[in-house]
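J.: With the input below, show me the fold.
(2 chains)
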Amino acid sequence: MTTWLFRRLIQALFVILAMTVIVFLGVNVIGDPVEILISPDADQAERARAIIALGLDKPLWQQYLIFLQGALHGDLGRSFVFNEPALRLIGQRMPATMELAVTAVLLSIVLGIPLGLYAGLYPDSILGRSAMAGSILGFSLPTFWVGLMFIMVFAVELGWLPSTGRGATAAFLGVQWSFLTRDGLAHMAMPALNLSLGNIALVLRLTRAGVRENLPMDYVRFARAKGLSPARVVFVHVMKNILIPIVTVIGLEFGSTIAFSVVTESVFAWPGMGKLIIDSINVLDRPVIVAYLMMIVFLFIVINLIVDLLYTALDPRVRLESRQ
Amino acid sequence: MSDVAAVVREETPFHRFVHEFAESKLAVAGFVVVAIIAFLAVFASVIAPQNPYDLAQLDIMDGRLPPGSVSADGLTFWLGTDDQGRDMLSGILYGLRISLTVGAGSAIIAGIIGSALGLTAAYVGGKIETGIMRLVDLQLSFPAILVALMILAFLGKGVLNVTLALVIVEWARYARTARGAALVERRREYIEAAECLALPRWRVLFRHLLPNCMPPLIVIGTIQIARAITLEATLSFLGLGVPITEPSLGLLIANGYQYMLSGKYWISFYPGIALLVTIVAINLVGDQLRDVLNPRLRR
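T.: Numbering: from 1, shown residues only, chains lettered A, B, ... in the order given. Sure, this is the predicted structure:
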């Protein structure tokens, strides 16, 4: 187990290193930093001075080492637009994104698992069938368009919910959160549901498939034969066996939920890091782009590592395999 | 006599395939819709009531008219107009063309590259296989939207750049599928026979192995086209995809976003419906193809 963990950590480090190379090359070689960083009105002498000041006259590998050194010290440059350290800027927006993503994942559990259980236990019922049909739509519908439709129906036509923004926030542990105020919750309802639609469909289908697969098995029959209540059979015996794939998928989907919040945040003008990165790409705010990409790559590798660990903890078979 | 002919015809694999595909009415409906959409996109310039990019045909006075309005020169805007006075129906037909070209184009290019790499990995094995599959695993551990975002942040927008980004996002899935299929097929006797004939390796690979790995690749390809169209629309909506001069459905929806809040829903609504119908229809076809072409489900 320790060797396995050690090997996985080394692997993760290499992936991070490889990604720094890709991001660095992408930004510095494909886009010309001189064009972006130096004002087009500057004369030749000014240009030359700026190039030396920015270290752009050095060979590429040296520039990369300087970049890497800065990254290790948590310095990824200052935003051109906000004139603030890029990393701090992202740190400020992160709670909003995390709040949205966590709520979306919770929603997918709270709605997806019960609906999936029902659809698995009663596959021919009307609710079971419509849940399955709905899940196909959940996969097919483009997130951003569903978001627009939400705004059109619930904000413009019915006027029930506010259309954009984060609403009133309250401080907790020194960070501003929306879920602590009524207004904040009202603002969060549509974006969170929008972000979780795909995940609800996924969890629903996984749960349903798991139930259908496990119900005919011998252990279920045995539990029933023992005279256990149907509720205990489903919620304890079957549940234990179907949770492994569901937990894995929810864990992995947490990462893509954060990535997809880019779309939801843009639709609902939710001030998180996703909206920040889109705005930064549109005005070519290079340090923020780099900082965001490094941050999210790091986040992903950590999430993948945690999911792997969880998987090993939940499924004894994986543990046995890695021991051999 | 005619009965015998019918039975004989049913025996050919293609007819059996058509017959099995037609068992799902929904899938046939999906196929018909895809065919109609493809037809509309190809002949957009003939069918569309207006050329939406010919500025001479536009009148700013016709801007933001609701569906069913009639312009001064007698043209009916069945789906309304956008802020430039452009007929939405014409805009959607031209937009479909760009969406489908980018979506199908990238899926096909990615399919060729991905399948070639996946087949090579399975057939050659060793270090090459490990290298290719590591790359596939790495790529698939990041969500598509993030990879595409990253590439477009480097390259900037443009039809070619979006296509390239989609190809880079998609190839890995084909490579994984192709390798999976090829690992099974390469142990079969016909491959051994071909090798015994001392045929060149590329010939065994592409003339013998590839055709037998096609069914799963076709299924993945269909679903990937739908995914590519969605992703392109999303990227264009975010302003990172196609340029304003070549608006796809995603960009049309983005253009209507600001008018949504004042109740002018049609500028975003109808392109969205077109997008939705396209994606759902392609997915229906893909689902049925998966059932028909999957040997495990063979009845």
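J.: what's the burial count for the residue of the stretch 51-200 of chain A found nearest chain B?
T.: The stretch 51-200 of chain A approaches chain B most closely through A:Trp145 (4.3 Å), counting by C-beta to the nearest C-beta. No exception for glycine: its C-beta is placed from N, CA and C like everyone else's. Neighbour count for A:Trp145, taken as other C-beta atoms under 10 Å in any protein chain shown: 25.
J.: From what I see, it and B:Val277 are in contact.
T.: No - using C-beta atoms under 8 Å as the test, A:Trp145 is too far from B:Val277 to be in contact (11.9 Å).
J.: about what we covered before: could you measure the residue of the stretch 51-200 of chain A closest to chain B against B:Tyr94, distance?
T.: 19 Å (C-beta to C-beta, to the nearest Å).
J.: quick revisit: measure the residue of the stretch 51-200 of chain A closest to chain B to B:Pro271 for me?
T.: 9 Å.
J.: Which neighbours do these two have in common?
T.: B:Ile253 (C-beta atoms under 8 Å, 6 or more residues apart in numbering or on different chains).
J.: Which parts of chain A are strands?
T.: Using DSSP state E, the strands of chain A run over A:170-172, A:175-177.
J.: just to revisit the earlier point, can you tell me the closest non-neighbouring residue to the residue of the stretch 51-200 of chain A closest to chain B?
T.: Of all residues not flanking A:Trp145 in the chain, B:Gly272 sits nearest, at 4.3 Å (C-beta to C-beta, 6 or more residues apart in numbering or on different chains).
J.: for A:Met98, same thing?
T.: Nearest one to A:Met98, counting by C-beta to C-beta, 6+ apart, is A:Ile258 at 7.7 Å.
J.: Neighbours of that neighbour, how many?
T.: A:Ile258, neighbours per other C-beta under 10 Å, totals 27.
J.: Let me know the pLDDT of it.
T.: What the model reports as pLDDT for A:Ile258 is 87.
J.: I'd like to know how far it sits from B:Pro247.
T.: Taking C-beta to C-beta, one finds A:Ile258 at 29 Å from B:Pro247.
J.: A:Pro287 now?
T.: 31 Å.
J.: Those two - which one has more neighbours?
T.: Higher neighbour count among A:Pro287 and B:Pro247: B:Pro247, with 25 against 22, using other C-beta under 10 Å.
J.: Was I right to think that one contacts B:Arg97?
T.: No - B:Pro247 is beyond contact range of B:Arg97, at 10.6 Å (criterion: C-beta under 8 Å).
J.: Checking B:Gly263 next. Helix, strand or coil?
T.: What DSSP: H, G, I helix; E, B strand; the rest coil gives for B:Gly263 is coil.
J.: Just the pLDDT at the nearest residue to it once chain neighbours are set aside, thanks.
T.: What sits nearest to B:Gly263 in space, not counting adjacent residues and going by C-beta to C-beta, 6+ apart, is A:Val156, at 5.9 Å. pLDDT recorded at A:Val156 is 76.
J.: who's in contact with A:Val156?
T.: Residues A:Ser163, B:Met260, B:Leu261, B:Gly263, B:Tyr265 are the ones in contact with A:Val156 under the rule C-beta under 8 Å, 6+ apart.
J.: Ok, B:Ser115 next?
T.: When contacts are counted by C-beta under 8 Å, 6+ apart, B:Ser115 touches B:Tyr174, B:Ala175, B:Thr177, B:Ala178, B:Leu210, B:Cys213, B:Leu217.
J.: you'd agree the last one is in a helix?
T.: In this case it means B:Leu217. Yes - counting by three-state DSSP, B:Leu217 is located in a helix.
J.: thought it was touching B:Gly111?
T.: Yes - the pair B:Leu217 / B:Gly111 is scored as a contact, 6.7 Å apart, by C-beta under 8 Å.
J.: Those two: which is more packed in?
T.: Neighbours were counted for B:Leu217 and for B:Gly111 using other C-beta under 10 Å; B:Gly111 has more, 24 against 21.
J.: how near is the more buried one to B:Ala178?
T.: 9 Å.
J.: what is in contact with the two at once?
T.: B:Leu217.
J.: Quick check: residues of chain B near chain A?
T.: B:138, B:141-143, B:145-146, B:149-156, B:226, B:230, B:233-234, B:237-240, B:250, B:253, B:257, B:260-261, B:263, B:265, B:268-269, B:272, B:275-276, B:279-280, B:283 (C-beta under 8 Å from any C-beta of the partner chain).
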